[in-house]
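Chemist: pasting a predicted model and its sequence here:
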Amino acid sequence: MERIMDHLAHERSKAQFSVEEMKIIWAGSLHAFQVSDRIARLVASDPGFRKDNRAVLSRKELFKSALRKAAYVWKRINELALSEEEASWLRFYVDELAYAYIHWGMFVPAIKGSATEEQQQKWLPLANNMQIIGTYAQTELGHGSNVRGLETTATFDQETDEFIIHSPTLTSSKWWPGGLGKVATHAVVYARLITDGQDYGVHGFLVQIRSLDDHFPLPGVTVGDIGMKFGSGAFNSIDNGFLRFNHVRIPRNQMLMKVSRVTRQGKYVESNVPKQLLYGAMVYVRQIIVADASIALSRAVCIATRYSAVRRQFGPPHEDENGKGVETQVIDYKTQQSRLFPLLASAYAFRFVGEWLKWLYTDLIQKLEANDFSTLPEAHACTAGLKSLTTSAAADGIKECWKLCGGHGYLSSSGLPELYAAFVPACTYEGDNIVLLLQVSRFLMKTISQLQTGKKPIGTTAYMAHVEHLIQCRCTVQKAEDWLNPSVILEAFEARAIRLSVACAENLTKFATPLQGFSELSPDLVEAAVAHCQLIVVSKFIEKLQQNIEGNGVKQQLETLCNIYCLNLIHKHLGDFLSTGSISPKQASLASDQLRSRYSKLRSNVIALVDAFNYTDHFLGSVLGRYDGNVYPKLYEEAWKDPLNDSIVPDGYHEYIQPLLKQQLQNARL
Ligand SMILES: CCCCC/C=C\C/C=C\C/C=C\C/C=C\C/C=C\CCC(=O)SCCNC(=O)CCNC(=O)[C@H](O)C(C)(C)COP(=O)(O)OP(=O)(O)OC[C@H]1O[C@@H](n2cnc3c(N)ncnc32)[C@H](O)[C@@H]1OP(=O)(O)O
Ligand SMILES: Cc1cc2nc3c(=O)[nH]c(=O)nc-3n(C[C@H](O)[C@H](O)[C@H](O)COP(=O)(O)OP(=O)(O)OC[C@H]3O[C@@H](n4cnc5c(N)ncnc54)[C@H](O)[C@@H]3O)c2cc1C
């Protein structure tokens, strides 16, 4: 036991940088670090937030436990008079999916984004004080991605000055909204607005669905839970629900009227605000999900890295620091490094691009408030594309971390199966990842067509202004070290991205209609979108390194991580880089050489690099990822805690095992 604990201490002693300074870089600022650290410890030390028994709870127990925790969170927020920032950290570290995620994450933002000032003054205090609990009811049984295809209707009745909300078909039933099944009292419902016999398309409406007195559904409302979801624990603590309306009436002023409104006379009036602002809550949540992807991936990487340093398999026997013969740490196998280290690098890359995206979103909101809508298309493309890229990579990465831990990774107590089950739907919710990439490609094709009109591309597409150069430039790498030059890397990624996009744009012209072209070429368009989004992540990582980064050795570690992130992408997408002529086969081989050498350079720092995430053992929820590395005794302890081990002879023995054994013995004797 002693020896295992020593392993991680020894690993930590080898770090070539200041972990404390890296913690601040990871958190974003000293202030963010201090607040998150304080709240993480507060949660970890409070038995009310225990979560180690989730895997063995039944659905009903799990749901009730999540309700209890959500109520307790609210109590602690008020008792401690936490600020909004502290309260968000508290919800985050409690790490239990419940209705509050949708209430704070979607219901409140939808009101802020789509309601008029007057409507906000009425509804926000109620929501902020939890006098009402809200959900975001957009998706239907028949349509999720195709928002324009939603079927729920909101028909204006001029006589009573009301909207009649109705579900005309089974497929128009709302399906999936979190917190809807059993908890929410109100919902922002997306429905087709019909007035004067005309259909004006999908709009948002604030609808009360349950009584505030006895919690029963209001007349005309049918509501319930959609059933168990993938994995034990994970999303089963939350009541994703269905909802049907039978001519439910709401006052006219409960239509969210920032984008457009209906007058007392039933006239539909558009404002000067673009209709896409109706989708504003989705843009908001997508940028949060990018930050969430870096957290989910870094959690898995932290577990897999610590365990890989503790775990030993095969010889040749090495001597440990006490001169004893020991097997090889699995982290020293090059195959383990080539699977794990790029994931560690990706966690940092996603952290920084998430930070940038938050800035982009804040900037967008400031511009919108000043009636400047110019950056909305880019913000939509960036949030959609980066949400897609980072969640797909994080979900795959978590699964890889589980395999990196061998058999023990499959145990619930490793924390990895539940982390995977809880995160993988991020590839679908808030926009299916392929559908979102197609949105990015549409934006890219538009940008390319505008180049011919002389319109200067801005922001993340600014590189397209250099299309002539990027289409014909040749990569200058001659030796492996040349791949450490950020401008060489950047140009290779820009060349690959623009060449894929331009090829798509050229091929699109060969079809009878753009629609047909988009349909036929959609796999190529998705690849072009991925290349563009990877370029954004690469360029934001490189930009981060150009900032003033303090702390002993911190910048050097980040440079190594950045090199690994970029070179591994080249390695994985070699087909793209070679087929577009962005690099040559010889340069590809030099990139692989450099990548291998970066792994060796990073090796002694990896434990410290995952320590810099500053995750408590409570938050990690993993025996394999424990800070002290004391894995085996704790695994043994956990095994004993399983309810099956409550009795020596299991339930069912007398009914099913004993008679069987007896019968077989008798048969044998005959
Ligand atoms: C403490 C706080 C915690 C907060 C936590 C909150 C969240 C999660 C955070 C962490 C995760 C942890 C737990 C998660 C818990 C629960 C899960 C959370 C949320 C899930 C909720 C949902 O899933 S809500 C439902 C989401 N649905 C979708 O995303 C549907 C996807 N489809 C679409 O977005 C669109 O329909 C479309 C983009 C595919 C539209 O296609 P199309 O019909 O072709 O386009 P139009 O509608 O005609 O658009 C025309 C025009 O507008 C542009 N556009 C489209 N969308 C937007 C937009 N959002 N913003 C700006 N512009 C947009 C589009 O590109 C077109 O432009 P052009 O004409 O110029 O080409
Ligand atoms: C855990 C979870 C929580 C959720 N929470 C909420 C919530 O709170 N509120 C809410 O309103 N919704 C919620 N949703 C619903 C979610 O937003 C939708 O599931 C999502 O938008 C995808 O839509 P869909 O299910 O209709 O998939 P579909 O669009 O049916 O996708 C099925 C397949 O078709 C493909 N596809 C679809 N359209 C195209 C296209 N144009 N081109 C190429 N391929 C295409 C997709 O890539 C996918 O492979 C939640 C979903 C989950 C899983």
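Modeler: It's in. Ligands and ions are numbered 1, 2, ... in the order given.

Chemist: for Val189, helix, strand, or coil?
Modeler: Assigned with DSSP: H, G, I helix; E, B strand; the rest coil, Val189 falls in the strand class.

Chemist: state the pLDDT value of it.
Modeler: pLDDT, Val189: 98.

Chemist: show me which residues of the stretch 101-250 of the chain are close to ligand 2?
Modeler: Taking CB under 6 Å from any ligand atom, the part of the stretch 101-250 of the chain that reaches ligand 2 is made up of Ile102, Tyr136, Ala137, Gln138, Thr139, Gly144, Ser145, Trp176, Pro177, Gly178, Phe235, Asn240. No exception for glycine: its C-beta is placed from N, CA and C like everyone else's.

Chemist: looking at the residues you listed, which gets the smallest pLDDT?
Modeler: Phe235 (91).

Chemist: host element of Met22?
Modeler: Met22 is located in helix 19-27, with elements delineated by DSSP states H and E.

Chemist: so which elements touch that helix?
Modeler: helix 30-44, helix 554-572, helix 606-611 (3 or more CB pairs under 8 Å, 6 or more residues apart in numbering; DSSP states H and E).

Chemist: tell me the most buried of these?
Modeler: helix 606-611 (a mean of 24; mean count of other CB atoms under 10 Å).

Chemist: run through who's touching that helix.
Modeler: For helix 606-611, contacts defined as CB atoms under 8 Å, 6 or more residues apart in numbering pick out 8, 11-12, 14-15, 17, 19, 22, 298, 301-302, 305-306, 309, 331, 340-341, 344, 348, 557, 561, 602, 627.

Chemist: do the same with stretch 14-21
Modeler: The contact list for stretch 14-21 (CB under 8 Å, 6+ apart) reads 12, 550-554, 556-557, 604-605, 607-608, 611-612.

Chemist: from the residues you listed, pick the one nearest Asn507.
Modeler: Ranked by distance to Asn507 (CB to CB), the contacts of stretch 14-21 are led by Gln557 at 42.4 Å.

Chemist: ranges for the helices of the stretch 101-250 of the chain?
Modeler: 108-114, 117-128 (DSSP state H, counting those that start in this stretch).

Chemist: how many other residues sit next to the residue of the chain found nearest ligand 1?
Modeler: Nearest residue of the chain to ligand 1 (CB to the nearest ligand atom) works out as Gly105 at 2.4 Å. Gly105 has 20 neighbouring residues, counting by other CB atoms under 10 Å.

Chemist: tell me if I'm right that it and Ile289 touch.
Modeler: No - judged on CB atoms under 8 Å, Gly105 makes no contact with Ile289 at a distance of 9.6 Å.

Chemist: ok, the residue in the chain positioned nearest to ligand 2 - contacts?
Modeler: Residue of the chain nearest ligand 2, by CB to the nearest ligand atom: Gly144 (2.2 Å). Residues in contact with Gly144 (CB under 8 Å, 6+ apart) are Trp176, Asp432.

Chemist: 6 Å instead, please
Modeler: Shown in contact with Gly144 (CB atoms under 6 Å, 6 or more residues apart in numbering): no residues.

Chemist: please renumber the chain so that the first residue is 31 from this point on.
Modeler: New numbering, starting at 31: the last item is Gly174.

Chemist: and the helix or strand harbouring Asp554, what's buried?
Modeler: According to DSSP H and E, Asp554 maps onto helix 552-576. Neighbour counts over helix 552-576 (16 or more other CB atoms under 10 Å) mark 554-572, 574 as buried.

Chemist: understood, closing this out.
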